[in-house]
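Colleague: Pasting the sequence and the predicted model now:
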Amino acid sequence: MAQLNQQKCEACTKNSSPVSQEEIAQLKPEIPDWNLIQPEGEAHLERSYEFPDFKTAIAFTNRVGEIAEEQGHHPAILTEYGKVTVTWWTHAISGLHKNDFIMAAKTDDIASQMAG
C-alpha cells in the first residue's frame, strides 16, 4: 500500500465507516507526532507546529488550506503568532476516517517542506 502522504481522499457520507482500532494501530505510526484526542467523545487527530513568526505561520496555514481544497477535506486550523494547530476529523461521521490520516500526513509534508 502507498504511504499515506501519496494517497488521495475518498468522498465520505454519513454512511461511511470510521476507522477501527486496528486500522488506527496500522495508520498512526505514519503520523507519530499527531495526537488522538476526543473532544465531546468524538475522535480527532491534532498537532501543533511551531514557526519563527506570524508570517510563516500564516503561509503554512494557507498551504494546508490549499491541499484541503484540492482533496475536498477540511480541517480546523488555529493560527497564532509562531504556532499553528491543525485538527482533522470527518464531520459526516463525527469521527476519524482514513482521509484524516492521509491529510495529517500531507500536513506533515507541508511542514517539512517549509522547514527545509
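Modeller: Okay, I see it.

Colleague: where in this protein is pLDDT low?
Modeller: In the predicted model, the chain carries pLDDT under 70 at residues 1-2, 116.

Colleague: measure the nearest residue to G82 once chain neighbours are set aside to M114 for me?
Modeller: Excluding its sequence neighbours, the residue lying closest to G82 (Cβ to Cβ, 6 or more residues apart in numbering) is F51, at 5.2 Å. Heads up, the C-betas are built off the backbone N, CA and C, glycines and all. As judged by Cβ to Cβ, to the nearest Å, F51 and M114 stand 8 Å apart.

Colleague: More neighbours: the two, which one.
Modeller: F51 (21 against 14; other Cβ atoms under 10 Å).

Colleague: coming back round to it: what's the overlap in contacts for F51 and M114?
Modeller: Residues touching both F51 and M114 by Cβ atoms under 8 Å, 6 or more residues apart in numbering: F60.
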